[in-house]
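In: Provided below for reference: sequence and predicted model.
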Protein chains: 2
Amino acid sequence: MPKISVHTGNENKIFHVPEGISLSDALKRQGFLLETPCNGKGICGKCRVLIHNSVPYTSEEKTHLSPSDINKGVHLSCMVKVYDNLEISLNTDQRNSSIVTDANISETIGRPVVRKTFVNLPRPSISDQRSDDVRFISSFNENNLYSGFQSFSLSFLRELPDILREKDFDITIIDISGSVTGVESGNTVSKNFGVAVDIGTTTLAAYLYDLNTGKQMAVSSKLNPQKKYGADVISRIEYSSKGKENQAEMALIIRNALNDLIQQLVTAAGIHHTDIYAVTLSGNTTMLHLLLELPSANIASAPFIPVLLSGLTLKPCDLELNINPKGRLFVLPSVSAYIGSDTTAAVLSTGMHKNTEISLLIDIGTNGEIVIGNNSFLYACSTAAGPAFEGANISCGIGSVDGAISAVSIADNGTLKIDTIGGYKPIGICGSGLIDAVACMLKIGVMDETGRILDDEELPDNAKIYSNRLIKINNQKAFLLVRASNTIHGENIYISQKDIRELQNAKAAIAAGINILIDEIRSDVDDIKNVYLSGGFGSFINIDSAITIGLLPKDLSGRTKPVGNAAGAGAIYTLLSAENLSDICAIAKQIKYLELSARLDFTYQYTENMFFGSDI
Amino acid sequence: MPKISVHTGNENKIFHVPEGISLSDALKRQGFLLETPCNGKGICGKCRVLIHNSVPYTSEEKTHLSPSDINKGVHLSCMVKVYDNLEISLNTDQRNSSIVTDANISETIGRPVVRKTFVNLPRPSISDQRSDDVRFISSFNENNLYSGFQSFSLSFLRELPDILREKDFDITIIDISGSVTGVESGNTVSKNFGVAVDIGTTTLAAYLYDLNTGKQMAVSSKLNPQKKYGADVISRIEYSSKGKENQAEMALIIRNALNDLIQQLVTAAGIHHTDIYAVTLSGNTTMLHLLLELPSANIASAPFIPVLLSGLTLKPCDLELNINPKGRLFVLPSVSAYIGSDTTAAVLSTGMHKNTEISLLIDIGTNGEIVIGNNSFLYACSTAAGPAFEGANISCGIGSVDGAISAVSIADNGTLKIDTIGGYKPIGICGSGLIDAVACMLKIGVMDETGRILDDEELPDNAKIYSNRLIKINNQKAFLLVRASNTIHGENIYISQKDIRELQNAKAAIAAGINILIDEIRSDVDDIKNVYLSGGFGSFINIDSAITIGLLPKDLSGRTKPVGNAAGAGAIYTLLSAENLSDICAIAKQIKYLELSARLDFTYQYTENMFFGSDI
C-alpha cells in the first residue's frame, strides 16, 4: 500500500492508504481537516495541498490552479489518486476556508453536554430483587427512585433487560445535559462525540468534537442546498409557505444535507455515526423553522411572529439525523424573527455577555444583525442591508470565490492595487472589494460625498490621473477597476453609479442600526471597547475602508476584530460545556430586541448615513 | 319516540329514546351504570332490570332468569327492544357486579390530575412580537421562559400557530400532573374527563369520571380476553415469552379490550373520546408487563425480576388508547414481581398508609397479596394460594356465576342451608361456598382437624344425621352438598377429600403469609385494628367461616371489612387527586417486600397452618 507523509504546521504524520484512493479521502480518514463542499468533484477548488513529488495535473486542476500554483506543486487533493508514496504539505491558507472559528475553543471546555459513566451494577439475586428499571435508576440517582412517575419510552424498557444482561450488568450510562437518555452494555465511555452545526442561509458548517477530550476531530461544510429556492430568507419562506409539501421538501433537503455533513465528519474521523450523541444547531430564525418544518409565513410579514424562539431539545429521529438514537439535538434559542440563534451563539462565543466593558457585535450580510451590551444589558436589532455585501445586484459583483477582487488599495505611486482571492486573474468583485474600491474612489476624489461619480471635467487636479478610468456603460457613469485585457473573461470590471447607490443603501442600513443601538443605551462610540465582526464577510472586510465609507463608526479601527464564524463557534461552545447551554438561554432572555421598522429614528438615521462622511 | 321512566334508589328519571333501541343501550346513554361484559349478547346475565310493564321474554332471558325473577318482571335489559313506553326499576343487587368500589370517592377529590385553564392571550403586534411558543408559555408560566430548553414535540409546534389564531388567541391550557401537555382553541374547560382502569387477571374494570366535578359518569367491565392464554399469570407469561409476536399479540388484545371499555364509557356518558385526557392503570406486575409489551419471562423464575416497577407516564399513542392525544396515561407503581400496582392502589384506597393504627390488607386470589402496616411502615408478601378460592381444581368448583353455591350454613334444625348467586338452582360451588361448606363440615363433625372426612362409623352421635351425605366418588370419600335432583344439571354437587386438601394448601399459604408479616413487625393479632379484604372474593367471603377454617386469624371478625375492588378505587383516587399520584409512589417506595420463597419460616408456618384449628 502506498505511504503518505504529511507535514503541517503542527505535526508530521506518516500512514499507509489503499491504492487508488483519492488523496482528499485519504487525508480526511486520518482526521485532517479538509473542506470539500463540492464533494470531491474538482469544482470548488478548496482542497488544495502541496505535493513534493511530481504528479500529473488533471484538466479540472488546470482550471482552478494558477500557473504559479502549478509551478509550486499545488494540487486539488480530490483530483489526485494515490498509487505511489507521496510527501505532502497541507495548505494552511485560511482564505480557502469560508468558515473560520475562533481558536480559543479549549478555554470553553467544561462539563460536556454528554457525559458517559461506566457502572458495574450488582447482579440480581433473591436478596436483591430490584427490577431492571429500579436497578438502572439506582446506578445514577438513588434519590430519584419512586420519587415520581418515570418517562421512559417503551422501546427503552423493552431493550433494558438484554442491555443489562449482555455484559453481566456492566453498563454505561448516557447523561445528556443532566438527563439520562439511555444505557449501553459494557464500557463505552470512550465513544462520546458531538457535532456543532451552523445553518447559514448560504453555507452549512459542521464541527465534530471528541466530548471526552474537547478535541476537534473534523470539520465539514457545504453550500445550503435550499439556495435553489432563493438566496435570501424571504424567498425561501415564500416557497415553503405555498403548501405543506413545500414545507416538507425544504425540511428534507436540509436534513439530508446535515446527514451528508455528518457522514463526511465520521468518515474523516474514522468513527461511527452511533458514536455521536449530541448535535447543537445554530441558525437564523428562518433557517431553523425550515429545518424543523415549522410554518414560517408569519416571520415574513408584520408583526413578524415566529412559531419558535425557545431553545428546543429533540431526539435524533425527530429530524431523522443519523446519529445515536439515544442522543439529543439542541436547537439553540433565538430572540426574534430576525435575531436567530446564530446571533445568540455568536454573543456566547465572544463572551461579551460576561464582560463589564461594552462590546458591539456585527454580522454583516443580507441582513445585518447587531448586538450591543455587556454583562448587565444586551440590545439587538436587525437591519435589511440587501445583498450588495455579498456581491449581488452589483454590475460586476460576485461571491467570495477564487478570482474575486477582494481588496483594492492605492499604491504609493497613486496606481490602484487589485488583489483577488487565490491570486487568480480577476473575474468580478466581491463585497470586501466593493467597499475597498468605493473607499478608494472617495479618497482619490473621483466621487463626491453624496456618492456621485464626478464628470471628467469636475475632477480635481490630483485626480486627473484617473480620468481614463471614468467610463460610461449603457449611458451610465462608471469607474473602471480592471481593463478587459487583464480579466479572466476579457471584459471590463467596473463600479457603476447604480452600484454605488446600492452600497449606500446597504451601509446606511447597517450604520443606522449601530447608531440606534448606541443611542438606546445612551452611550457613545468611545464607550465601545470591542467590536466583533462575525461571519465570512466580517473576516475579509478592510476595517479602514468600512470606516471610510461610513459603514462602521469612525475611531473604532483599533478596537475591531473579525471573529470568523462566531455562530459556529457558539454552537461548539454549547457542545463542550453544558454550562454554555444554560448561558445561551440566559443570553436569549437578556437580549432586548429593537424592532427598527416601528421606529421613527430609524428613518432619520438611515437618511443621515446615506452619504459618505466628509471627515476622511 | 317511546318514553322510559326509571326509578332507582336515588332518583326518578324520564327520557325519550329512539324506537327499537335496546333497553341496556338506552339506559347507558343516560349515564346509568350497567355492566354488560358480554356486550349485549344475553350471555352474562348482568344487566338485570325490573320492568313494571308486561314485556315478552326472549329465550336467552328464560335461560338466565329464575321463575321467580320472571314472575316479578325482571328482564335482561340488553334483550329488551323498546317500542312502547316503559316504567322500570334499576336492580341494585350488588351481587351482580363483580367489581365493587368503595363509595367514599368524594372524600378524595383534590386537585384532579388534569386541570384545564382558559386564557385570553394578548394579540401579537409590532410592540408585542413574542413568538407563538413564548406567548403560549407565558400564559401559564412566566418564569419558565428561556429558563432552559423546551421539549415541545414538533407536531405540537406545527399546530400551535393555527390553534392560537383559530379563536383569536383564546385558548385552553391542558395541565396534566403539573406538566402542560397541550393547548386547545377557545374555551374547552368543561370537557375534562378521566378513566381509571384496573387490569385484573380475570376481569377488566374501567371507571369514567368528570374531573371537574369528581362525578362518576359510567362504569364498564369485561373479562380479560387474555384468559384464552391461561387463567393464571404464569401460563400467560409462558405464552408471551415464546416470541416477540406472542408478546405483541397479548399486548394488542388487552389494548383492544381497553379501547372497547373506553368506547362503552363514552357511549354511556354521551361524551367523545377526545374529552378524555387521563387514564390511570392499576394491575398486577405481570398484567402491566403484558399491556406494555415488556419481556415478562424474568418474572416467572427466581429471582423474579420484572423489567418495570416504577410508575410510568406514557402518551396515549404509546398504547394506542383511543383518548385525546394530548392526554397522558399513568401506569401506577408496583413493588415486586408479585406485588403489583393493584396492591399499591388498594393500599392507597384504604388509607392505611396514613393511619397510625396498624391495618392488614388481604387480596385473596390465585395469589394472595398481603400488606401490613401504618403511616410509618408497610410490609408486604405474596403467597401462591392456587386457584381453589376461584373454584378451580375443585371437583364441583365454578366461578362466581349465577347458580354458584356462594354460602352454606347450618339451620337451627341442623339441616344445611344452601344459597346460590342470583337464587338459581345450584350448578356448582364457588370459593366462598367452599369455605362455608368446609367450615360447616368441621362444625358438624363430619371432618376432623386434619381435614380427613370421617368414615360413617367414626361419626360422632350428633353428626349421624349427616351420614347419608357421606358418599364415595371414584372410590374417594366425599361430602354431598346438593343432590342431583335439586341441581340444574341433574348431577350431585359435593366436596371430595381431594377438594379439602386443595383448600388446606390454599388457606395454609395465606395464613402463613399473614403470620409472617405479623411476626416481621414483632406484633400480634390484637395490634391489628383493621382488616381489609379486597377483590371480588373478599367481598363475598363469610368472615366467620374464613376464621373457622383458619384462613384468617381468629378474633379478627369484628375488625374485618370487605373493600371491593380496592385496586380500581385506588386508580380512581389517583385520577381525582394529583396528590394521590405522588402518594402512591411514596407507598410503593415505603412497602418492604418479603420474598417468602427465601424464608425458612415460611415452610414452618405453611405446615403449621395446614390443619384446621382446634378452637372453633
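Out: Arrived safely.

In: Going by C-alpha atoms from here, please, whenever you check contacts or count neighbours.
Out: Noted.

In: Surely A:Val114 and A:Ser190 touch.
Out: No. Look at A:Val114 against A:Ser190 with Cα atoms under 8 Å: they stay out of range, at 11.8 Å.

In: Neighbour count for those two, which is higher?
Out: A:Val114 (27 against 13; other Cα atoms under 10 Å in any protein chain shown).

In: Tell me which residues touch that one, please.
Out: Neighbouring residues of A:Val114 by Cα atoms under 8 Å, 6 or more residues apart in numbering or on different chains: A:Ile174, A:Asp175, A:Ile176, A:Ser177, A:Asn192, A:Leu211, A:Tyr277, A:Ala278.

In: Pull the most distant pair out of the residues you listed.
Out: Within the contacts of A:Val114, two members stand farthest from each other by Cα to Cα: A:Ser177 and A:Asn192, at 13.6 Å.

In: Where does the prediction get shaky in chain A?
Out: Along chain A, segments meeting pLDDT under 70 span A:8-12, A:31, A:33-39, A:43-44, A:91-109, A:142-147, A:613-616.

In: what residues go with each domain of it?
Out: A:3-92, A:114-185, A:193-335, A:342-387+A:503-608, A:390-498 (automatic domain parsing).

In: Close to chain B: what parts of the stretch 501-616 of chain A are there?
Out: Along the stretch 501-616 of chain A, the residues adjacent to chain B under the rule Cα under 8 Å from any Cα of the partner chain are A:Ser582, A:Cys585, A:Ala586, A:Ala588, A:Lys589, A:Glu595, A:Ala598.

In: what's the helix or strand for the first one?
Out: In the assignment (DSSP states H and E), A:Ser582 maps to helix A:578-590.

In: what packs against the helix or strand following that helix?
Out: Next helix or strand after helix A:578-590 toward the C-terminus (DSSP H and E): strand A:591-594. In terms of contacts (3 or more Cα pairs under 8 Å, 6 or more residues apart in numbering or on different chains; DSSP states H and E), strand A:591-594 is packed against strand A:378-384.

In: packing partners for the strand it packs on?
Out: The elements that strand A:378-384 packs onto, with contact taken as 3+ Cα pairs under 8 Å, 6+ apart, are strand A:367-373, helix A:497-520, strand A:591-594.

In: what's the angle between that strand and helix A:578-590?
Out: 70 degrees (axes from the mean of the first three to the mean of the last three Cα atoms, to 10 degrees).

In: Quick check: the residue of the stretch 401-550 of chain A nearest chain B.
Out: Nearest residue of the stretch 401-550 of chain A to chain B, counting by Cα to the nearest Cα: A:Glu520, 16.3 Å away.

In: ok so, going back, among the contacts of A:Val114, which one sits closest to B:Lys477?
Out: When the contacts of A:Val114 are compared for distance to B:Lys477 (Cα to Cα), A:Ile174 wins out at 65.6 Å.

In: and that closest one, what does it touch?
Out: With Cα under 8 Å, 6+ apart, A:Ile174 has these contacts: A:Val114, A:Arg115, A:Lys116, A:Thr117, A:Val180, A:Thr181, A:Gly182, A:Val183, A:Glu184, A:Lys326.

In: May I ask which of those residues has the most neighbours?
Out: A:Val114 (27 neighbours).

In: Please tell me how far that residue sits from A:Leu27.
Out: 28 Å (Cα to Cα, to the nearest Å).

In: ok, now A:Met447?
Out: For A:Met447 relative to A:Leu27 (Cα to Cα), the value is 50 Å.

In: Same check on A:Leu551?
Out: 41 Å.

In: more neighbours, these two?
Out: Neighbours were counted for A:Leu551 and for A:Leu27 using other Cα under 10 Å; A:Leu551 has more, 27 against 21.

In: Near A:Lys589, how many other residues are there?
Out: A:Lys589: 18 neighbours (other Cα under 10 Å).

In: Could you do the one 5 residues further on as well?
Out: Using other Cα under 10 Å, A:Leu594 has 18 other residues around it.

In: Enumerate every residue touching it.
Out: A:Leu594 neighbours (Cα under 8 Å, 6+ apart): A:Tyr379, A:Ala380, A:Cys381, A:Ser382.

In: The second one: what's its closest spatial neighbour, skipping adjacent residues?
Out: So the one you mean is A:Ala380. Closest residue in space to A:Ala380, ignoring its immediate chain neighbours: A:Val371 at 4.2 Å, by Cα to Cα, 6 or more residues apart in numbering or on different chains.

In: so where's the longest helix in chain A?
Out: Looking across chain A with DSSP state H, the single longest helix is helix A:244-269.

In: could you dump the residues of the stretch 501-616 of chain A next to chain B to TSV with distance to B:Ile541?
Out: Below are these laid out as TSV (distance: Cα to Cα, whole Å):
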residue	distance to B:Ile541
A:Ser582	61
A:Cys585	63
A:Ala586	64
A:Ala588	66
A:Lys589	65
A:Glu595	76
A:Ala598	79
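
In: just the buried members of those?
Out: For these, a burial check counting by 16 or more other Cα atoms under 10 Å in any protein chain shown picks out A:Ser582, A:Cys585, A:Ala586, A:Ala588, A:Lys589, A:Glu595.

In: pretty sure the second one contacts A:Gly311?
Out: Yes. With contact taken as Cα under 8 Å, A:Cys585 and A:Gly311 are classed as touching, separated by 7.0 Å.

In: Identify the contacts common to those two.
Out: Counting by Cα under 8 Å, 6+ apart, the shared contacts of A:Cys585 and A:Gly311 are A:Leu332, A:Pro333, B:Tyr146, B:Gly148, B:Phe149.

In: which of those residues are buried?
Out: By 16+ other Cα under 10 Å, those give A:Leu332, A:Pro333, B:Tyr146, B:Gly148, B:Phe149 as buried.
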